[in-house]
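# Output the structure for:
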Amino acid sequence: MNRQKLCAMLVTSCMVFLSLDGLSRVGFASSTAYFFSTDDMESFCQQFLTNVVMLNTSGYQTTFSMELPPPTYSTTHFDNECSVTISNGQNQFSAIFSFTDGKLWFFDLDASQANLNVSVAQDFNGSMNGVVKALTNYQGLSNAAFRTDFVNLATAALQTQELAVENENFSLQIENTTDGLTATCFEKIAGEYTNPLMSMRLTISETGLLTELYDGISIHHVATTNVTMSEDQAIALAEPFIQDYGAENGQNISAINATFEYRQDVLQQRGDTSALYPSWDIEAWYDHVENDTYGYSVIFWADNGQVSAAGPDTLVGSPTGTNNPFDWRLLLLPCSVITFAGAFGVYQHRRLRKRRK
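Okay, here's the model as predicted:
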């Protein structure tokens, strides 16, 4: 399946789920303690643009617009946005700030209508200095301790000229993209695993401006690292689901894959969409395709052994007329990850895999 069609399916599925949740979200928003006043929002955004983005707005007219975005998948958290237009008649910038519970988690600057006349693009040292400066100033605005690790790792990368550095609790990956230099800091879960939700990512353009920031660590947390279910137990509990479904279609199990990862409670089964829990993802393949079904998957919460989700893995037709597998588990991703999936090209999810015949 091509990327456009897959993204369309995912977004449509999210919209269906969100529409069912809309009324409760609106009710919650009216009484939340995290609501921004217009003055507070404008003050924060102005300081961010000046000190973090490093955009000199003197001589520019700045227009702020605060709004509530469409209801999200969460009934326990409150979202709002601020759109900003910066113009002086010759150049124009537009920016979007997204907040959850009063914490910035996404920023994007569009300078496509600005004539910045860049004669010399930023080199690695210049861009990394920009990363360090942006992080240092952002920490002053948001006061989050983990960003000190990001600053230290970025400084180490600048000194060693390495694209990947790490310490005991965080790892940093750097890459050059068409948008500029991108630095992503992942928090290590249980000292080993990573998840894009528990990361912070920023991009410095060739002009030296910060054009994108994602701060998932500020709005997500790991609920527990306690694991009570082993891989063998997860497979044993999943097999009856897989065998029963296959028997209905005359299919037998040909292989089973077990994947351990930290998964977000997107469906609020455990009460908080911002929390991540350990999980086992058991994916099975049948010996042949029947009724477009080639396999079956079961997801368990690894800390309590409960089933999070289960269902068949099916084939869907692509525009070229060929069939490609569609993973229904992608529908369990939060819409923030779906929307910004392209931003996580450097994400390498460390997981345990084992295939059995």
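
# what's residue 131 in contact with, if anything?
Counting by CB atoms under 8 Å, 6 or more residues apart in numbering, residue 131 touches 154, 181, 183, 202, 204. Heads up, the C-betas are built off the backbone N, CA and C, glycines and all.

# how near is it to residue 286?
Going from residue 131 to residue 286 by CB to CB, to the nearest Å gives 48 Å.

# and if you look at residue 313?
From residue 313 to residue 286 the distance is 9 Å (CB to CB).

# Of the two, which one has the most company?
Set residue 313 next to residue 286 and count neighbours by other CB atoms under 10 Å: residue 286 wins out with 22 against 19.

# just checking, that one is part of a strand?
Yes: looking at residue 286 with DSSP: H, G, I helix; E, B strand; the rest coil, it is inside a strand.

# got a list of what the residue nearest to it when sequence neighbours are not counted touches?
Leaving out its chain neighbours, the residue that sits closest to residue 286 by CB to CB, 6 or more residues apart in numbering is residue 251, at 3.8 Å. The contact partners of residue 251, taken as CB under 8 Å, 6+ apart, are 286-288, 290, 293.

# and if we set it to 10 Å?
Contacts for residue 251 were tallied using CB atoms under 10 Å, 6 or more residues apart in numbering; they are 242-243, 245, 284-291, 293-296.

# just to revisit the earlier point, what touches both of residue 313 and residue 286?
In contact with both residue 313 and residue 286: 293-296, using CB under 10 Å, 6+ apart.

# With distance to residue 236, pLDDT and neighbour count added, can I get these in CSV?
Shown next, in CSV, are the shared contacts of residue 313 and residue 286 (distance: CB to CB, whole Å; pLDDT from 0 to 100; neighbours: other CB atoms under 10 Å):
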residue, distance to residue 236, pLDDT, neighbour count
293, 22, 93, 19
294, 22, 94, 20
295, 18, 94, 23
296, 15, 95, 26
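
# so which of these comes closest to residue 272?
residue 296 (28.5 Å; CB to CB).

# Show the pLDDT at the residue nearest to that closest one when sequence neighbours are not counted.
Nearest non-adjacent residue to residue 296, counting by CB to CB, 6+ apart: residue 242, 4.5 Å away. Here the pLDDT value assigned to residue 242 is 96.

# And for residue 242, the neighbour number?
The number of residues packed near residue 242 is 25, by other CB under 10 Å.

# which SSE is it in?
helix 231-248 (DSSP states H and E).

# before we move on, the earlier item: just the ones of the contacts of residue 131 in strands?
181, 183, 202, 204 (DSSP state E).

# so residue 104 makes contact with residue 202?
No: counting by CB atoms under 10 Å, residue 202 is not a contact partner of residue 104; they are 11.8 Å apart.

# Looking at the two, which one has more neighbours?
With neighbours defined as other CB under 10 Å, residue 104 and residue 202 compare such that residue 202 has more, 25 against 22.

# show me what contacts residue 203?
108-109, 127, 130-131, 134, 175, 177, 179-184, 209-214, 343.

# ChimeraX command for the buried members of those residues?
Buried subset of those, written as a ChimeraX selection, criterion 16 or more other CB atoms under 10 Å:
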select :108,109,127,130,131,134,180,181,182,183,184,209,210,211,212,213,214,343
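
# The contacts of residue 203 in strands, which ones?
108-109, 175, 177, 180-184, 210-214.

# which pair in these spans the largest distance?
Going by CB to CB, the pair spanning these furthest: 109 and 175, at 19.2 Å.

# so where's this structure shaky on pLDDT?
1-36, 68-76, 115-121, 316-357 (pLDDT under 70).

# Residue 154 contacts residue 125, doesn't it?
No: counting by CB under 10 Å, residue 154 sits too far from residue 125 to count as a contact (11.8 Å).

# When those two are compared, which one has more neighbours?
Neighbour count, other CB under 10 Å: between residue 154 and residue 125, residue 154 has more, with 25 against 10.

# and the more buried one, what does it touch?
128-136, 165, 172, 174, 183, 185, 202.

# and which of these is nearest residue 149?
When these are ranked by distance to residue 149 (CB to CB), residue 185 comes first, at 7.2 Å.

# Okay, and the residue nearest to that closest one when sequence neighbours are not counted sits in which element?
Closest residue to residue 185 apart from its sequence neighbours, by CB to CB, 6+ apart: residue 150 at 4.3 Å. Residue 150 is part of helix 146-160, with elements assigned from DSSP H and E.

# I'd like the distance from that helix to the chain centre, please.
Chain-centre distance of helix 146-160: 22 Å, with CA atoms, centre = their mean, to the nearest Å.

# For that helix, buried residues please.
Buried residues in helix 146-160, counted by 16+ other CB under 10 Å: 146-147, 149-155, 157-158.

# What is the nearest of those residues to residue 273?
Distances from residue 273 to the buried residues of helix 146-160, taken by CB to CB, are shortest for residue 146, at 20.5 Å.
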